[in-house]
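*Asks:* sequence unknown, structure follows:
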């Protein structure tokens, strides 16, 4: 063969990024944003075990995220962000979950705050607010997005409460009473990553006198505002470094300009989301899939590295371990397939399914991913043997972290029941409920 007949060398493929395990066929812009995420993974891994042991969020991570622009990952460039989408967020939480699930989950809840601004602007464009309402809604939305993008602030997102009702996964009992120049907030928020860590709190409350979702409102609350206190710290089984112990609010004054108190704003914003209200919940569940992917590969490495003393063969060559690894592989692929399908449903243009079908699919997806991820961790724990029962061991940490996924937001059983109810009777579904006195 002459030199002229030799085919040109193919350009080397760029190394695969962790986020690309979940989000396939990234665009160049998505890959550039995922590369930023990749740079912080070594730091997250370095401090993951210690953060879990101490049950404390590693605060220096905030500066690392801010330096890389990741506090504004899904904030439009017009507001100082990186202009990412749900695909970017899912890839990022998956990647961070592979390094330190606690940090990944806390960062996700910061990012979820952006939806309150993005959906508000979409609802304005859709004509869902009157001219008299538009200025207030736009001002709040832009203020929120600028905080995350241009100002690089870390926001803690507080919605969940200890009070429960049969009609909603999250019930809002915290009340906002009109006052001169603003509102007074009173209530207790049981869960919201980055308590005492975030620069500012984004709090969901109901307006006094309202008993439906039309009365839900949003408020920026200073972390050091008078009347704000941290709830008691709890000794969590896993996800111990998220600072999720919540806050109490006792007659906390919030000025009117720091509130989105237009009646019905929540429900109108919900109408333009692709999934549930916040429209990005799958990125939280991607944290668990990332952790499952990480412990799966850690287990493979350990089983092939360690050998039997009598034969010298790798421990992974035993039939017993082969069965465990096979089951882990199926569970991991199950989690990835469910997430990829949900991501496609919530990001494809034009939409593949009506919103009600997308929401129903999410009810199934969350539980299937959480349970599949837990099965991966269970397999890793079994494969580790008695030497892996120490709380600091990767398999034990993964088992404890993945256990949190079984109950976060809603258990798989509740999701399946709600999805079945939607199939059988197609009722109106709402993410948030309010409770009267």
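*Replies:* Nice, I can see it. Here the structure is a predicted model, which means the values were calculated and not measured.

*Asks:* hey, let's count contacts and neighbours off CA atoms from now on
*Replies:* Fine.

*Asks:* how about the strands of this protein, start to end?
*Replies:* 155-158, 170-172, 175-179, 182-189, 200-207, 216-222, 228-230, 247-255, 259-260, 432-434 (DSSP state E).

*Asks:* Which of these has the highest mean neighbour count?
*Replies:* Neighbour counts (mean count of other Cα atoms under 10 Å) averaged over each of those peak at strand 155-158, with a mean of 30.

*Asks:* what residues does that strand touch?
*Replies:* Strand 155-158 has contacts (Cα atoms under 8 Å, 6 or more residues apart in numbering) with 109-113, 148, 189, 191-195, 198-204, 246.

*Asks:* Tell me if I'm right that residue 243 and residue 230 touch.
*Replies:* No. Using Cα atoms under 8 Å, residue 243 is not in contact with residue 230, being 10.0 Å away.

*Asks:* For these two, list the residues in contact with both.
*Replies:* 195, 196.

*Asks:* about what we covered before: any idea which of the strands of the chain gets closest to residue 335?
*Replies:* Within the strands of the chain, the stretch nearest residue 335 is strand 170-172; the backing value is 24.6 Å (Cα to Cα).

*Asks:* just to revisit the earlier point, worst average pLDDT in the strands of the chain?
*Replies:* Looking over the strands of the chain, mean pLDDT reaches its minimum on strand 432-434, with a mean of 54.

*Asks:* Now do residue 350 against residue 128, distance only.
*Replies:* Between residue 350 and residue 128 the computed distance is 21 Å (Cα to Cα, to the nearest Å).

*Asks:* nope, residue 342 is what I meant
*Replies:* Residue 342 is 27 Å from residue 128, by Cα to Cα.

*Asks:* ok, these two, which is more surrounded?
*Replies:* The neighbour count for residue 342 versus residue 128, taken as other Cα atoms under 10 Å, is higher for residue 342 (20 against 17).

*Asks:* Touching, that one and residue 361? I think so.
*Replies:* Yes. Assessed by Cα under 8 Å, residue 342 is found in contact with residue 361 at 7.2 Å.

*Asks:* Tell me where the stretch 201-350 of the chain has helices.
*Replies:* Secondary structure of the stretch 201-350 of the chain (DSSP state H, counting those that start in this stretch): helices at 265-271, 282-305, 319-347.

*Asks:* Determine which of those shows the lowest mean per-residue pLDDT.
*Replies:* helix 265-271 (a mean of 88).

*Asks:* what's it packed up against?
*Replies:* helix 114-125, strand 216-222 (3 or more Cα pairs under 8 Å, 6 or more residues apart in numbering; DSSP states H and E).

*Asks:* Can you give the contact residues for the shortest one?
*Replies:* In this case it means strand 216-222. Here strand 216-222 makes contact (Cα under 8 Å, 6+ apart) with 199-207, 254, 258-266, 434.

*Asks:* could you redo the helices of the stretch 201-350 of the chain as CSV and give each row distance to residue 93?
*Replies:* Below are the helices of the stretch 201-350 of the chain laid out as CSV (distance: least, Cα to Cα, whole Å):
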stretch, distance to residue 93
helix 265-271, 23
helix 282-305, 5
helix 319-347, 12
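
*Asks:* deepest of the ones you listed, which one?
*Replies:* helix 282-305 (a mean of 24).

*Asks:* neighbours around the closest residue to residue 162 other than its chain neighbours, how many?
*Replies:* Nearest residue to residue 162, sequence neighbours excluded (Cα to Cα, 6 or more residues apart in numbering): residue 190, at 5.6 Å. Residues lying near residue 190 (other Cα under 10 Å) number 19.

*Asks:* just residue 308 next, same as before
*Replies:* 12.
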